[in-house]
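S.K.: after the sequence you'll find the predicted model.
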Amino acid sequence: MSRIPEELESPFDELVAGPAKVRDAVRDLDAPSLNARPPGEEWSIRDAVLHLCDAELIAAASFRIMLGAEDDVAIPDYDQDLWTRRLHYLFRDVEAALVTFHVVRFGNAELLQQLGRDTWQKSATHPEAGRLTVAELLHANVAHTAEHVEQIGTFRALIE
């Protein structure tokens, strides 16, 4: 039985639906299409998918740090462009990233589903975003996925 507060049910449902939306966005793309960088863009579709996977891993750590730590804790940030290069996104497998994204997102959803109403207001400090509650991190995570699904759709239209 879900313990998601009513006002968070919609973003929670979007959180759960995120991996399917990403998978649908890249369906039937071959390697050249995944690697193509539209004119004026620094990222490819492969980069966006790998970034979503890594961002979900960071979100998983952030949720757990927020929920398991004392108050007034910091959650991590990272340089996404540096990760794209140093973690070799160009050579990494999109299917593996999609599976990892799905599994980690499911684990995050399972964790969040167990929270009591007051726990959603537990907070931490992010280096760029400032103080965030668990509920705000849920919203940010959902918006981040939607942004990249839209980006992938735009890129597909430019390369097809």
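M.R.: Thanks, I have it.

S.K.: which one is the residue nearest the centre of the chain nearest to, not counting chain neighbours?
M.R.: Centre of the chain computed as the mean C-alpha position; nearest residue by CA atoms, centre = their mean is E56, 4.1 Å away. If you skip the residues right next to it in sequence, E56 has V104 as its closest partner in space, 4.7 Å away by CB to CB, 6 or more residues apart in numbering. To be clear about C-beta, it is placed using only N, CA and C from the backbone, and glycine gets the same treatment.

S.K.: what about the residue nearest to the centre of the chain, distance to G130?
M.R.: Between E56 and G130 the distance is 21 Å, computed by CB to CB, to the nearest Å.

S.K.: then Q151?
M.R.: Between Q151 and G130 the distance is 25 Å, computed by CB to CB.

S.K.: for this protein, which residues score under the pLDDT cut-off?
M.R.: Under the criterion pLDDT under 70, the flagged ranges of the chain are 1-2.

S.K.: ranges for the strands of it?
M.R.: In the chain, the segments counted as strands under DSSP state E are 73-74, 123-126, 130-133.

S.K.: give the contact list for S10.
M.R.: In this structure, S10 makes contact with no residue, judged by CB atoms under 8 Å, 6 or more residues apart in numbering.

S.K.: just to revisit the earlier point, what about the residue nearest to E56, how many neighbours?
M.R.: Taking other CB atoms under 10 Å as the criterion, the count of residues near V104 is 20.

S.K.: got it, and E7?
M.R.: E7 is flanked by 9 other residues according to other CB under 10 Å.

S.K.: swap in F12?
M.R.: Other residues near F12 come to 18 when the count uses other CB under 10 Å.

S.K.: my read: it touches R3, true?
M.R.: No: with contact defined as CB atoms under 8 Å, F12 does not reach R3; the gap is 10.3 Å.
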